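> the following comprises the amino acid sequence and a computationally predicted model.
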Amino acid sequence: MSAQTDTQGSVTTVYKVSGMSCGHCEGSVSGEISEIAGVTSVKAVASTGEVTVVSEAALEEEAVRAAVDEAGFELVGTV
């Protein structure tokens, strides 16, 4: 997993998600991932398929996968 810890102790991870094509898609994915405990920021970009997640600690990939599935998309992995 490619995650970076910054000086404040938060972890930034970039995930690749397939199927996003518009702002609504970005909002759906961001909304579901933001409900995971410990997530402080989510930015989804449909044009690249990348979702940047900032969290208090590293997230379980299965939790992120479940959230992306709930939004109707597929988690490909981390960038």
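Arrived safely, thanks for sending.
> how far is the host helix or strand of V51 from where the chain is centred?
According to DSSP states H and E, V51 maps onto strand 50-55. Its chain's average C-alpha position is 4 Å from that of strand 50-55, according to Cα atoms, centre = their mean, to the nearest Å.
> how about V76, what does it touch?
15-18, 49 (Cβ atoms under 8 Å, 6 or more residues apart in numbering). For glycine as for every other residue, the C-beta is placed from the backbone atoms N, C-alpha and C.
> still on that earlier bit, direction included, what does the strand holding V51 pair up with?
Strand pairing for strand 50-55, using DSSP bridges, gives strand 11-18 (antiparallel), strand 39-45 (antiparallel).
> residue ranges with poor pLDDT in this protein?
1-2, 5-7 (pLDDT under 70).
> mind jotting down where the helices sit in it?
23-34, 61-71 (DSSP state H).
> list of residues touching the first one?
So that's helix 23-34. Contacting residues not belonging to helix 23-34 are listed as 17, 19-20, 39, 42-46, 51, 53, 64, 67-68, 70-73 [Cβ under 8 Å, 6+ apart].
> selecting buried members of these in PyMOL, what would you type?
One line in PyMOL is enough to select the buried ones among these; burial here means 16 or more other Cβ atoms under 10 Å:
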select buried, resi 17+20+39+42+44+46+51+53+64+67+68+71+73
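> having no further points to raise, I will conclude here.
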